[in-house]
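Undergrad: Predicted model follows, preceded by the sequence.
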Amino acid sequence: MRFALRVLLLALSFAIGTWILGWWAVPLFAAIGGLLARHVRHQGIAATLAAMVAWAALLGWSASQGSVWSFSRIAGGAMGISGIALILITLLFPAALAWLATAIAQFIAGLSVRRRGTRSEV
């Protein structure tokens, strides 16, 4: 239940952040979430799923407002891939950003904790 709630809250923040700030809100909010939940297991997986859910929702909303499918076929064709492949890549992009930002933030937080522990022993 906690995992699902974390994914939902992250997805909301990613969707709203992307809507307002653009794609770079995903790694920013993922890093913040990674720092706040640095001792939580599977935070990177939660951020990855949340980013995919958020961008799928944004794509779904855009599809209901316009012609995402025809655009994806045209843009995908220009890149030499199918429209479906382009949409999948579009969902993998924020997933990779979210996972990497969370992993880096948690790694840096772990280093600072270890460094403080080492200094107090001296």
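TA: Yep, it's here.
Undergrad: surely residue 83 meets residue 76?
TA: Yes. Between residue 83 and residue 76 there is a contact under C-beta atoms under 8 Å: 4.4 Å. The way it works is simple: take the backbone N, C-alpha and C, and place the C-beta from them, glycine included.
Undergrad: burial of residue 106, as a residue count?
TA: Other residues near residue 106 come to 20 when the count uses other C-beta atoms under 10 Å.
Undergrad: so where does it fall, helix or strand?
TA: Using DSSP states H and E, residue 106 falls within helix 83-121.
Undergrad: what does the average pLDDT come to for that helix?
TA: Average pLDDT, helix 83-121: 84.
Undergrad: what do you get for stretch 63-73?
TA: On average, stretch 63-73 scores 80.
Undergrad: Quick check: buried residues in that stretch?
TA: The neighbour-count check on stretch 63-73 (16 or more other C-beta atoms under 10 Å) flags 68, 72 as buried.
Undergrad: hang on, the earlier thing: check the offset of the helix holding residue 106 from the chain's centre.
TA: Taking C-alpha atoms, centre = their mean, to the nearest Å, one finds the center of helix 83-121 at 10 Å from the center of the full chain.
Undergrad: was I right about residue 109 contacting residue 33?
TA: No. Look at residue 109 against residue 33 with C-beta under 8 Å: they stay out of range, at 11.7 Å.
Undergrad: Give me the neighbour count for residue 38.
TA: Counted by other C-beta under 10 Å, the residues lying close to residue 38 total 17.
Undergrad: On the three-state scheme, it is what?
TA: Recorded secondary structure, residue 38: coil (DSSP: H, G, I helix; E, B strand; the rest coil).
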